[in-house]
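A.B. asks: Here is my input, please return the structure:
(chains A, B, C and D)
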Number of protein chains: 2
Amino acid sequence: MPAAGKARASTGARERLMAATEQIMGDEGYAAATSRRVAELAGVKSTLVYYYFPTMDDLFVAVLCESGERALARMRAALTADDPLRVLWLINTDTRYTRLSTEWMALANHRKVIGAELKVFAERVRDIETAAVTMVLRAHGVDLTEFPPVVMSILLTGAARIICNESAVGMVQGHEQLRTFIEQFIAHYPLAVRPADQGGPG
Amino acid sequence: MPAAGKARASTGARERLMAATEQIMGDEGYAAATSRRVAELAGVKSTLVYYYFPTMDDLFVAVLCESGERALARMRAALTADDPLRVLWLINTDTRYTRLSTEWMALANHRKVIGAELKVFAERVRDIETAAVTMVLRAHGVDLTEFPPVVMSILLTGAARIICNESAVGMVQGHEQLRTFIEQFIAHYPLAVRPADQGGPG
DNA sequence: GTCTATAGACGGATAGAC
DNA sequence: GTCTATCCGTCTATAGAC
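C.D. replies: Modelled structure (predicted):
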C-alpha cells in the first residue's frame, strides 16, 4: 500500500477507484463492482486496483468505511439543528442512499468483514440518534423509563426505512398517511429552546 | 417449457432447481446463484437449467413468485389468530427470511422484473396487514381517521425490519427495550372477541 | 505509480446426441 | 427430460517491464 501519512501524491487514482466502486455498486449492485469495471470508470487499468487494495474485499471495506464516516459526519452536523426529530426523519427518508445501503446489507450477509464494519457503523448511528431523541424527550419532561428514547429512535428509523425500501420499487401505499402522522407527532416535540430551559408543555 | 397443466412428471428437477436457487441465494448471495452452482446442488447438469428457464433471470423471477406466494399463505393463515397484532409482530421479526429478502431487495434495484414482482408482493402484504390492524383498532373503538391502520402497520413492520436487519450483523442495541415497548402496546389491543361483538373496553 | 501480458477458474448460453 | 461438448466472455490475481 502506498504513502498514507505523507502528502497525497499524484492524481488520486485511489480515490477515483473508491468513488467508482461506490457508484457502480449503487447503480448495478455489488456483483457488478469488479476490478475491471471500477478501473474503467476510474480511468485506469484493472491491475492498478491490486496495487492499492490487496483484494477486492479490501477495496469494499475501504469504501464502506469512508462512506460510513461521511454519513456520520452528515448526521452529526444536521442534528445540531433546532428540530432534531424532524432532521432525523428527513435524513432517514433520504432515498439517495437507499440502494447503496441495501447492497451493503446484502454483502454483509456473506462477507464477514463487511458485516462487522456495518455493525460498528450502525451502533454509532444509533448512539447519535438516541442522544438526540433523549435531549428532545427530556426537554419535554417525558418519562424516559416508560418511553425509552432508543425506542422512538428505532420506530422513526424503521418507518423511514420502509418508505425508502418501498419507494425503491415504486410502491407508495400508505406513505402519505405515514408522513402526515409522523409530521403531527414531531410537531408535538419541537425543540427551539435550550434543553435545560423549561419544564415541558404536555 | 415443460408440461404445466398436466400431472407432475418425473423427479421434479425443476422444483429442486428452484429450491437450490433460493438456498444458495440466502446463504451466499444472489451473485453465487449461478447456473452451475444451483444445478450442482439440485443434482443435475447446468444445461438443464436452460431447459426449464430460458435465462437465469427467469429462474430468479420464478423463485421469487413461489416464495412470495408461500409467504402470503403463511401470513393469511397466521392472521386468523386471536391476537393479530402480536402475530403480525412475530411474523415480521422472524429472522429466518431476513437474508433472503435483503437479497431480493438488492436484486430488485438493478433488475426491473424483480423490482416489479417485489412491488406487487409488498402491496399484497400491506393490504393483508392493514386489514388485520383495521379489524383490531375498530374493535377497540379507535378513531381510524386520526390513527390510520396503515400507519400502525408500517410502524410495526418497520420496527421489525430494523430488528431483523441489525440482528443479521450481530447488533442488538435497544432491541430488548423495543420488544418490551411493543409488547406493552400490543397488550393494550387484544382481540379475543369477534369484531362485531362489543364496543371497546378503552 | 501505472502499465502489458497472462494464468487459471468460472460465467451464460447453445447445439445436438440419447 | 437429461446429458456431453463447446463457444466465448469475464473474473481475481500475479509477474514483471517502464
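
A.B. asks: Say whether DNA strand D is contacted by the longest helix seen in chain A.
C.D. replies: With secondary structure taken from DSSP state H, chain A has its longest helix at helix A:112-139. No - with CB under 7 Å from any atom of the strand as the criterion, DNA strand D is not reached by helix A:112-139; the gap is at least 12.5 Å. For every residue, glycine as well, the C-beta is placed using N, CA and C.

A.B. asks: what separates that helix from the chain centre, distance-wise?
C.D. replies: 10 Å (CA atoms, centre = their mean, to the nearest Å).

A.B. asks: Any buried residues in that helix, and which?
C.D. replies: Buried residues in helix A:112-139, counted by 16 or more other CB atoms under 10 Å in any protein chain shown: A:114-115, A:117-119, A:121-126, A:128-130, A:132-137, A:139.

A.B. asks: Also stretch A:46-54?
C.D. replies: Across stretch A:46-54, burial judged by 16+ other CB under 10 Å covers A:48-49, A:52-53.

A.B. asks: Over to stretch A:60-67?
C.D. replies: A:60-64, A:67.

A.B. asks: give me the subset of the residues you listed touching chain B.
C.D. replies: Among these, not one lies near chain B by CB under 8 Å from any CB of the partner chain.

A.B. asks: Nearest to chain B among those residues?
C.D. replies: The closest of the buried residues of stretch A:60-67 to chain B turns out to be A:Leu64 (CB to the nearest CB; 11.9 Å).

A.B. asks: circling back to that earlier point, specify which member of the buried residues of stretch A:46-54 is nearest to A:Gly12.
C.D. replies: Sorting the buried residues of stretch A:46-54 by how near they are to A:Gly12, with CB to CB, puts A:Tyr52 at the top with 10.9 Å.

A.B. asks: Spatially nearest residue to the closest one, not counting backbone neighbours?
C.D. replies: Spatial nearest neighbour of A:Tyr52, chain neighbours left out: A:Arg14 (4.8 Å); criterion: CB to CB, 6 or more residues apart in numbering or on different chains.

A.B. asks: repeat for A:Asp94
C.D. replies: Closest to A:Asp94 by CB to CB, 6+ apart is A:Cys164, at 7.9 Å.

A.B. asks: Show me what the mean pLDDT comes to for the helix or strand containing the one you found.
C.D. replies: A:Cys164 belongs to helix A:149-168 when assigned by DSSP states H and E. Averaging pLDDT along helix A:149-168 yields 98.

A.B. asks: And the next helix or strand past that helix?
C.D. replies: Next along from helix A:149-168, by DSSP H and E: helix A:175-187.

A.B. asks: surely A:Val169 meets B:Lys119?
C.D. replies: Yes - taking CB atoms under 8 Å as the definition, A:Val169 is a contact partner of B:Lys119 at 4.3 Å.

A.B. asks: correct me, but A:Ser67 touches A:Leu100?
C.D. replies: Yes - the pair A:Ser67 / A:Leu100 is scored as a contact, 7.4 Å apart, by CB under 8 Å.

A.B. asks: so what sits against both of those two?
C.D. replies: Residues touching both A:Ser67 and A:Leu100 (CB atoms under 8 Å, 6 or more residues apart in numbering or on different chains) are A:Glu22.

A.B. asks: residues in contact with the residue most central in space within chain A?
C.D. replies: The centroid of chain A falls nearest to A:Ala71 when counting by CA atoms, centre = their mean (4.9 Å). For A:Ala71, the contacting residues are A:97, A:121, A:125, by CB under 8 Å, 6+ apart.

A.B. asks: Mind doing that once more with 10 Å?
C.D. replies: A:91, A:97, A:100-101, A:121, A:124-125 (CB atoms under 10 Å, 6 or more residues apart in numbering or on different chains).

A.B. asks: That concludes my questions; thank you for your assistance.
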